[in-house]
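Structure, please.
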Amino acid sequence: MHVIELDHVTKEYRLSPSKSLKATVSNAVDRLLGRPAIDASPFKALDDVSFSVDPGEVVGIIGRNGAGKSTLLKMLAHVTQPTRGSVAIRGSVAPLIEVGAGFVGDLTGRQNIYVNGAILGLSRPEINRKLDEIVAFAELEQFIDTPLKRYSSGMAVRLGFAVATSVDADVLIIDEVLAVGDLDFQKKCFDRMEDIIKKKNKTLLIVGHNVRQLERISTRMILLDKGKVVIDDLPVRVCNLYLERTSRRSDERAAVENRTLRPLSDSGEIEVTGIEVFAAGGTVPADDVVLHKSMSIRVQFTARKRISRPEVIIGFHTNDFVYVGSASSAALREGEQAFEGPQVLQCTLSDTVLRPGIYYIRLAFSDGFRRAIWYGESLRKFRVVADETVASAKLPERGFIDLPITWNFRPHP
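Numbering: from 1, shown residues only. Prediction:
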């Protein structure tokens, strides 16, 4: 039996074109005179959404801002009701929609645990039993009897997450809580979520913008766009589609703003005029290169002044700026070299080990003193594809590098 069922759910909000006194009076007069009042068409935060969730599933929900993610979670948490359609949830629900909601600044951390725990449905005996664990997880033993208004924002968020995740419910509705605190505490939060999933076998719905993190923790993901379900599938497929769509929008915006080869830092000594990618054996620039085949990158630039002992670094990154590799020309320097005037740099990767997907080129120039001269990211997009031989094999679904490993299985003597 499904734990969660959404059947053709639509949520509409009516957006008034103006809330001024003049517009309000004008609309009232129109209604009195029988004329239609000026009103905006309803905005659909969710538009005919249907899906179900089975016990123990971890469903990640991603999408752009305004896609309807938070509206969906608030509906599941019974904060708001659908305009049309039905939502059914079987079992108790713990909504972690806003970490620390209900905290009172004048109360101590200890007092806020009791207040917030009661808001989340915990009884006083349950809070008494879990109090030490909550305080220890939040790492606030020294400050637990200090008024909350003297906490840093990170301390308050840690306390809120510790209280929220102590609730023992059948379904957890989570909105962006994995991004709380510093990096070390985020890792701690992630470990707790994995513990809830694996050891307690809870059903989770998680909204977030860190798609890599959600891909790791989810058993299934849903992509929303403008209130509609675009895809409901395995995490790797949903994430890849989301990143492809994001990449397309970024490229279109870059083209409109004419910033394709615009550097992030520039001393004025070098002007990069072109970057081209070539597939194995190709003489014409290509958008696609093949996994485990060679590829070349050609950079055209002009050195406006003599640059002695130059170093060039070329690297690759994903659309969400995960740096997956780089190489430096310094390793191949032979004697004194210099750039001056128009130049063409061509570098070749004999084995493209990047797994199928979309990547971008980043480029850096520096001189012999390691002084930064020019640096840019997202300078040229290219796609890695698999040929028929590799595509027919089972490629790992995660990671950026296809490791060129030789396998050898033999009986142990």
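
quick check: longest helix of this structure.
Secondary structure of the chain read by DSSP state H shows that its longest helix is helix 235-256.

For that helix, enumerate the helices and strands it packs against.
Under the contact criterion of 3 or more CB pairs under 8 Å, 6 or more residues apart in numbering; DSSP states H and E, the helices and strands touching helix 235-256 comprise strand 58-62, helix 211-217, strand 220-225, strand 228-233, strand 357-366. In short, each C-beta sits where N, CA and C put it, glycine included.

got the CA coordinates for the second one in PDB?
Translated: helix 211-217. Backbone C-alpha positions of helix 211-217 (Å, rounded to 0.1, in the frame of the first residue of the first chain) are rendered in PDB as follows:
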ATOM      1  CA  VAL A 211      21.300  17.800  -6.800                       C
ATOM      2  CA  ARG A 212      24.600  15.900  -6.200                       C
ATOM      3  CA  GLN A 213      23.700  15.400  -2.600                       C
ATOM      4  CA  LEU A 214      20.100  14.400  -3.300                       C
ATOM      5  CA  GLU A 215      21.300  12.000  -6.000                       C
ATOM      6  CA  ARG A 216      23.300  10.200  -3.400                       C
ATOM      7  CA  ILE A 217      20.700   9.900  -0.800                       C
END
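
which helices and strands sit right next to it?
Using 3+ CB pairs under 8 Å, 6+ apart as the contact criterion, the secondary-structure elements in contact with helix 211-217 are strand 58-62, helix 183-200, helix 235-256.

Gln343 reaches Arg306, doesn't it?
No - under the contact definition of CB atoms under 8 Å, Gln343 does not touch Arg306, with a separation of 11.7 Å.

These two: who's more crowded?
Gln343 (17 against 12; other CB atoms under 10 Å).

That one - that's part of a strand, no?
Yes - read with DSSP: H, G, I helix; E, B strand; the rest coil, Gln343 is one of the residues of a strand.

With respect to burial, which of the helices and strands packed on helix 235-256 scores highest?
strand 58-62 (a mean of 25; mean count of other CB atoms under 10 Å).

Tell me the helix or strand right after that one.
The C-terminal neighbour of strand 58-62 among helices and strands, as given by DSSP states H and E, is helix 69-76.

residues in contact with that following helix?
In this structure, residues lying in contact with helix 69-76 by CB atoms under 8 Å, 6 or more residues apart in numbering are 4, 9, 11, 45-46, 49, 61-63, 80-82, 87, 89, 93, 95, 97, 171, 173-175, 205, 207, 224, 227.

Need the helices and strands packed on helix 211-217 in a markdown table (columns: mean pLDDT).
Shown next, in a markdown table, are the helices and strands packed on helix 211-217 (pLDDT from 0 to 100):
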| stretch | mean pLDDT |
| --- | --- |
| strand 58-62 | 93 |
| helix 183-200 | 77 |
| helix 235-256 | 84 |
